[in-house]
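Q: Here you go, sequence then predicted model.
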Amino acid sequence: MRRLAACLVLLGTLLLAGCAPGKATLSTDEARPLTRAPIEAARVALTFDVTWGDGELRKILAILQQNGARATFFVGGTFMNTQAPMIRYLVAQGHEVGTLGQRIVNVGSLPETEIKENLLASQSVLGKTLGGPVRYF
């Protein structure tokens, strides 16, 4: 657990070093991902992909709670279908939850129709679990 905590601290330090206060920008190009936000304070956004069971996730949650930190968790289809109570717990603890898709695949290699089907299926399942719309993919 100490190694995981050290990795989180190191990641935060590296990200903060690259984002000086007042220098943040928000991409207006819809084809590009959001990489920075227009804020003055030095902050870091932590995200985690969750496709496994909840063992490591519980360790991560403990570290985040000990440090008063929040994160965004991107969950895969298998996790969505088997861990609905854990997903609701993440939200209850103040974290955000997004989707990796119903199937974890390289979307760059798929036709647009398959990408949409994958995303809509995962949004539907996750939306029912959360009781509302899914904000992030």
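A: That came through, no problem.
Q: Just after the helix or strand of the chain with the lowest mean pLDDT, pick out the following helix or strand.
A: Scoring the helices and strands of the chain by mean pLDDT, DSSP states H and E places helix 2-17 at the bottom, with a mean of 41. As assigned by DSSP states H and E, the chain's next helix or strand after helix 2-17 is strand 47-50.
Q: Give the buried residues for stretch 53-62.
A: Neighbour counts using 16 or more other CB atoms under 10 Å place 54, 57, 60-61 of stretch 53-62 among the buried residues. Using the backbone N, CA and C atoms, a C-beta is placed for each residue, glycine as well.
Q: er, stretch 128-137 actually
A: The neighbour-count check on stretch 128-137 (16+ other CB under 10 Å) flags 129-130, 134 as buried.
Q: Looking at the buried residues of stretch 53-62, which two lie furthest apart in space?
A: Within the buried residues of stretch 53-62, Asp54 and Ile60 form the most distant pair, 9.9 Å apart (CB to CB).
Q: And the pLDDT at Pro33?
A: pLDDT recorded at Pro33 is 64.
Q: Name the nearest residue to Arg135, ignoring sequence neighbours.
A: In space, not counting the residues next to it along the chain, Arg135 is nearest to Gly98; the distance is 6.4 Å by CB to CB, 6 or more residues apart in numbering.
Q: you'd agree the one you found is in a strand?
A: Yes. Per DSSP: H, G, I helix; E, B strand; the rest coil, Gly98 lies within a strand segment.
Q: list the contacts for it?
A: By CB atoms under 8 Å, 6 or more residues apart in numbering, the residues touching Gly98 are 72-75, 134-137.
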